[in-house]
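Q: Give me a 3D structure for the following:
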Amino acid sequence: MLQAQKSICETGRLKKAIIYSFGVVLFEILSGKLANDPTYIAEDEYGIAHVARRRFEGNTMCEMIDPKTMEEVLAPMDL
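A: Got it, this is the predicted structure:
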């Protein structure tokens with residue numbers, strides 16, 4: 001077990017996993033849906049991460065953000 005942990009830390013996989021997990025949690029917060037929400041699974045069997053990548057590449061990320069969240073973010077800018 002200790003050898004496996006050492007190997008993960010040395011290869012940088014742990015850092016990549018933490019960054020990936022943070023991104024998934026961030027998208028869950030912004031979209032108001034869980035990563036394995038049926039709407040994402042229907043679009044891509046792997047869920048939110050693959051949908052987010054496709055939306056990013058297609059420049060349609062705003063479609064993923066919950067409208068209420070978007071309203072709260074943009075409201076202070078209207079002042």
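
Q: for the top helix by length along the chain, packing partners?
A: In the chain, assigned by DSSP state H, the helix with the most residues is helix 13-31. Counting contacts by 3 or more Cβ pairs under 8 Å, 6 or more residues apart in numbering; DSSP states H and E, helix 13-31 is packed against helix 48-57, helix 67-74. For every residue, glycine as well, the C-beta is placed using N, CA and C.

Q: Highest mean neighbour count out of these?
A: Of these, the one with the most neighbours on average (mean count of other Cβ atoms under 10 Å) is helix 48-57, at a mean of 16.

Q: can you state the direction angle for that one and helix 13-31?
A: Here helix 48-57 runs at an angle of 70 degrees relative to helix 13-31 (axes from the mean of the first three to the mean of the last three Cα atoms, to 10 degrees).

Q: any idea of the mean pLDDT for helix 48-57?
A: In this model, helix 48-57 has a mean pLDDT of 86.

Q: Just the residues contacting it, thanks.
A: Under the contact criterion Cβ atoms under 8 Å, 6 or more residues apart in numbering, helix 48-57 has outside partners 20, 23-24, 27-28, 31, 33-37, 40, 43-44, 61, 63-64.

Q: Now render the helices and strands packed on helix 13-31 as TSV, adding distance to Gly12.
A: As requested, the helices and strands packed on helix 13-31 are exported to TSV (distance: least, Cβ to Cβ, whole Å):
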stretch	distance to Gly12
helix 48-57	19
helix 67-74	32
